[in-house]
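Chemist: structure for this input, please:
(chains A and B)
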Amino acid sequence: MSDPLPFRPYSPGTQPPYDAPGYLGTVKRHPKQKLHPMPHTITETTGPGFSPDRFPPLTDLTAAKGKPAIGERIIVAGTITDEDGRPVPNTMVEIWQANATGRYDHPADQHDAPLDPNFHGTGRVFTDGQGRYGFLTIRPGAYPWPNHKNAWRPNHIHFSYFGPAFATRLITQMYFPGDPLLAFDPIFHAVPDEHARNRLIAVFDLDITEPDYALGYRFDVALRGHAATPMEG
Amino acid sequence: MPIATASQTIGPYWHLMEDPSWADLTRFGATGEKITLTGAVLDGDGKPCADACVEIWQSDPPASDKFPGFGRSNTDGGGVYRFTTVKPGPVPGRGNSQQAPHIAICVLSRGLMRGLVTRAYFQGEKLNDTDPLLMSIEEPARRGTLIARPAESGTWRMDVRLQGEGETVFLDV
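Modeler: Take a look at the predicted model:
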């Protein structure tokens, strides 16, 4: 049996370290030992498949509860590719976010801002054959958090991606262009490479914008690609 | 060409996307030896991480309509995750090697900028002595952090220590 094709290592500086002291939550949760190196095996090069039949899509977060949610409607769309620019087709994307006032519909969120009975803040979409996805939501509000004095999270939407393998799993956050809070956010700034960091900021896009209805933002994502040269075991 | 997008923490509100049934990988009617895999996720002070998202993936039995191979569990107030799944068998390693039965684990949580990946092996498996990954971990004590131990019948327990004494071996995958 031939060896499975491994995925390439992440480019240096493009992923955040576990020890990110500006983000206090990492202090007691980052490992002190180095990650143990290992070649990819069938366990890392395979991964779960999700079908829309069993995991129904929810692409309109503004109407999930029947009545329209309060806030600025936005469309988020983009393409998911690998690092060679090849589309990642038919892959599941999970989405969750705060409402327009900066409050999550979650018991742990005690921020003194109103909940919207018509907004829960979760979505699930699948890419098409060309790796494209899109959904309609409400622009999330900023909210305070107890990391440091007067700390506020920039407006953001959480994303979960699977891709083709256990090794391509990605959880990230999408930010909005021109947000003054980005300059102060230790989670955003935990990514050392400036270019990699700025790719987490969606791009305002008139082509995605629907006239008289909703602004459009493009958020393109790349999942890990295969290693260029297969390693022989 | 684009480099892989940067990871950001899953944060404390990921439960919004949680479906608790995902912690039962046998829910679609999988056959085989049903087991429970459970344990606590603990921080550098030994305190439970009560808001973590623990995900598992197993390459055996192969994923099918009846067995998703993938599961997701929250951690409770004691930091405890809990999966019901089918006990895996051995799978091929690289070259001509054989890997001992194992389940891949990814811990995501507030305070983790990226997922931490480890594996659960099963105490008493003969193949553990020749498993390429286990053998590549020199200190026996550290190797032991990847071995789930039998608890009550059909239940295997493996705690995950994120930091400090008894720190789990996390894998660079």
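Chemist: quick one: residues contacting residue A:165.
Modeler: Shown in contact with residue A:165 (Cβ atoms under 8 Å, 6 or more residues apart in numbering or on different chains): A:7, A:44, A:45, A:46, A:47. Backbone N, C-alpha and C define where each C-beta goes, glycine included.
Chemist: out of those residues, grab the one that's most surrounded.
Modeler: Ranked by the number of neighbours (other Cβ atoms under 10 Å in any protein chain shown), those place residue A:7 first, at 24 neighbours.
Chemist: before we move on, the earlier item: tell me the two of the contacts of residue A:165 that are most distant?
Modeler: A:7 and A:46 (11.5 Å; Cβ to Cβ).
Chemist: and the closest residue to residue A:30 other than its chain neighbours, how many neighbours does it have?
Modeler: Nearest non-adjacent residue to residue A:30, counting by Cβ to Cβ, 6 or more residues apart in numbering or on different chains: residue A:18, 3.7 Å away. By other Cβ under 10 Å, the residues close to residue A:18 number 20.
Chemist: residue A:18 contacts residue B:114, correct?
Modeler: Yes. Under the criterion of Cβ atoms under 8 Å, residue A:18 makes contact with residue B:114 at 6.6 Å.
Chemist: chain neighbours aside, what residue packs nearest to residue A:62?
Modeler: Distances taken as Cβ to Cβ, 6+ apart place residue A:69 nearest to residue A:62, at 4.7 Å, with adjacent residues excluded.
Chemist: check the gap between residue B:78 and residue B:39 for me.
Modeler: 10 Å (Cβ to Cβ, to the nearest Å).
Chemist: brain fart, residue B:134
Modeler: Residue B:134 sits at a distance of 18 Å from residue B:39 (criterion: Cβ to Cβ).
Chemist: is the residue nearest the centre of chain B bridged to anything, and to what?
Modeler: With distances taken as Cα atoms, centre = their mean, the residue of chain B nearest its centroid is residue B:105 (2.5 Å). Here residue B:105 sits in beta bridges with residue B:56, residue B:118, going by DSSP bridges.
Chemist: is it in contact with residue B:119, as I believe?
Modeler: Yes. Here residue B:105 lies in contact with residue B:119, judged by Cβ under 8 Å, at a distance of 6.4 Å.
Chemist: show residues contacting the lowest-mean-pLDDT helix or strand in chain B.
Modeler: Lowest by mean pLDDT, DSSP states H and E among the helices and strands of chain B is helix B:140-143, with a mean of 95. By Cβ under 8 Å, 6+ apart, the residues outside helix B:140-143 that reach it are B:134, B:137, B:169.
Chemist: can I get these in a markdown table including secondary structure?
Modeler: Formatted as a markdown table, these follow (DSSP: H, G, I helix; E, B strand; the rest coil):
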| residue | secondary structure |
| --- | --- |
| B:134 | helix |
| B:137 | coil |
| B:169 | coil |
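Chemist: which one of these sits closest to residue A:186?
Modeler: Distances from residue A:186 to those, taken as Cβ to Cβ, are shortest for residue B:169 (27.6 Å).
Chemist: quick one: that closest one from residue A:84, how far?
Modeler: Taking Cβ to Cβ, one finds residue B:169 at 31 Å from residue A:84.
Chemist: go on, residue A:211?
Modeler: For residue A:211, the distance to residue A:84 (Cβ to Cβ) stands at 35 Å.
Chemist: and the two? which has more neighbours close in?
Modeler: A side-by-side neighbour count of residue A:211 and residue A:84, using other Cβ under 10 Å, places residue A:84 first with 12 against 6.
Chemist: so how many other residues sit close to residue 53?
Modeler: I'll assume chain A. 6.
Chemist: nope, chain B
Modeler: 25.
Chemist: same question, residue A:213
Modeler: What residue A:213 shows, counting by other Cβ under 10 Å, is a neighbour count of 10.
Chemist: for it, give me its contacts.
Modeler: Residue A:213 touches residue A:73, counting by Cβ under 8 Å, 6+ apart.
Chemist: any figure for the gap between it and residue A:227?
Modeler: Taking Cβ to Cβ, one finds residue A:213 at 44 Å from residue A:227.
Chemist: can you give me the strands for chain B?
Modeler: B:34-42, B:53-57, B:70-74, B:80-86, B:91-92, B:98-99, B:102-108, B:116-122, B:147-150, B:155-157, B:160-161, B:171-172 (DSSP state E).
Chemist: between residue B:78 and residue B:39, which one's more packed in?
Modeler: Using other Cβ under 10 Å as the criterion, residue B:78 and residue B:39 rank with residue B:39 on top: 24 against 11.
Chemist: ok, that one to chain A distance?
Modeler: Counting by Cβ to the nearest Cβ, to the nearest Å, the gap from residue B:39 to chain A is 16 Å.
Chemist: quick check: residue A:111 touching residue A:144?
Modeler: Yes. Under the criterion of Cβ under 8 Å, residue A:111 makes contact with residue A:144 at 6.6 Å.
Chemist: what about chain A: which of the contacts of helix B:140-143 touch it?
Modeler: Among the contacts of helix B:140-143, the residues lying close to chain A (Cβ under 8 Å from any Cβ of the partner chain) are B:137, B:169.
Chemist: which one among the contacts of helix B:140-143 gets closest to chain A?
Modeler: Nearest to chain A, judged by Cβ to the nearest Cβ, of the contacts of helix B:140-143 is residue B:169 at 5.1 Å.
Chemist: which residues touch the closest one?
Modeler: Counting by Cβ under 8 Å, 6+ apart, residue B:169 touches A:33, A:36, B:118, B:137, B:142, B:143, B:145, B:146.
Chemist: pull out the buried members of the residues you listed.
Modeler: Those of those that meet the buried threshold are A:36, B:118, B:137, B:143, B:145, B:146, by 16 or more other Cβ atoms under 10 Å in any protein chain shown.
Chemist: ok, back up a step: surely the residue nearest to residue A:62 and residue A:139 touch.
Modeler: No. Applying Cβ under 8 Å as the test, residue A:69 and residue A:139 come out as separate, 10.7 Å apart.
Chemist: how about residue B:6: what's its closest non-neighbour residue?
Modeler: Distances taken as Cβ to Cβ, 6+ apart put residue A:191 closest to residue B:6, at 4.4 Å, once the chain neighbours are dropped.
Chemist: surely residue B:103 is in contact with residue B:117?
Modeler: No. Between residue B:103 and residue B:117 no contact is recorded; they are 11.5 Å apart, counting by Cβ under 8 Å.
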